[in-house]
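Novice: Sharing a model that was predicted from the sequence below.
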Amino acid sequence: MAIRENIENNKTTIERRYYICSIKADAKVFAKAVRSHWGVESSHWILDMVFKEDQSRERKNFGPENKSLLNKIALNLLKQDTQDKKKISFTTKRYKASMDVKYLENILFNKSISTE
């Protein structure tokens, strides 16, 4: 069992998750395994929300691997982008880059200069 406590807006929530696994070790090893699992799940969720990977019809040859690699590169570039003063979603950044060539160039060449 893993217990997660979250405090947001002066409200505390406690979440318990139960796992079935073959790890017979101490709590530190188990905690590391849980964190690494959720790190992968978090990354997959972001890729699915931003690039709709689960809806992709790419199935043949190396297409799925190539597209996934390009999506990960694009996501990393979007994560490094600090042009906007306010926090905006990766989906919005992606859309903005598709509509504004200067913004896209700033993302691709890692420039932190505001386009506005």
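Specialist: Alright, I've got the coordinates. Numbering: from 1, shown residues only.
Novice: ok, and the closest non-adjacent residue to residue 81?
Specialist: Spatial nearest neighbour of residue 81, excluding adjacent residues (C-beta to C-beta, 6 or more residues apart in numbering): residue 107 at 5.1 Å. In short, each C-beta sits where N, CA and C put it, glycine included.
Novice: Now the one you found. Its backbone dihedrals?
Specialist: The phi/psi pair for residue 107 (degrees, to the nearest 10) reads phi -70, psi -50.
Novice: And it, how close does it get to residue 93?
Specialist: 8 Å (C-beta to C-beta, to the nearest Å).
Novice: Between those two, which contacts overlap?
Specialist: Common neighbours of residue 107 and residue 93, using C-beta atoms under 8 Å, 6 or more residues apart in numbering, are 78, 81.
Novice: Now the terminal residues of stretch 22-30, how far apart.
Specialist: This stretch, stretch 22-30, spans 10 Å end to end (C-alpha to C-alpha, to the nearest Å).
Novice: quick check: mean pLDDT across it?
Specialist: For stretch 22-30, mean pLDDT rounds to 78.
Novice: ok, and what's touching it?
Specialist: Stretch 22-30 is contacted by residues 2, 19, 21, 33 when judged by C-beta under 8 Å, 6+ apart.
Novice: Could you tell me which of these are located in strands?
Specialist: residue 2 (DSSP state E).
Novice: Quick check: of the contacts of stretch 22-30, which lies closest to residue 79?
Specialist: Proximity of the contacts of stretch 22-30 to residue 79 (C-beta to C-beta) peaks at residue 33, which lies at 24.8 Å.
Novice: Quick check: phi and psi on the closest residue to that closest one other than its chain neighbours?
Specialist: Using C-beta to C-beta, 6+ apart and skipping the chain neighbours, the partner closest in space to residue 33 is residue 23 (5.8 Å). Main-chain torsions, residue 23, degrees, to the nearest 10: phi -80, psi 120.
Novice: Then residue 81?
Specialist: For residue 81, the backbone dihedrals are phi -70, psi 130 (criterion: degrees, to the nearest 10).
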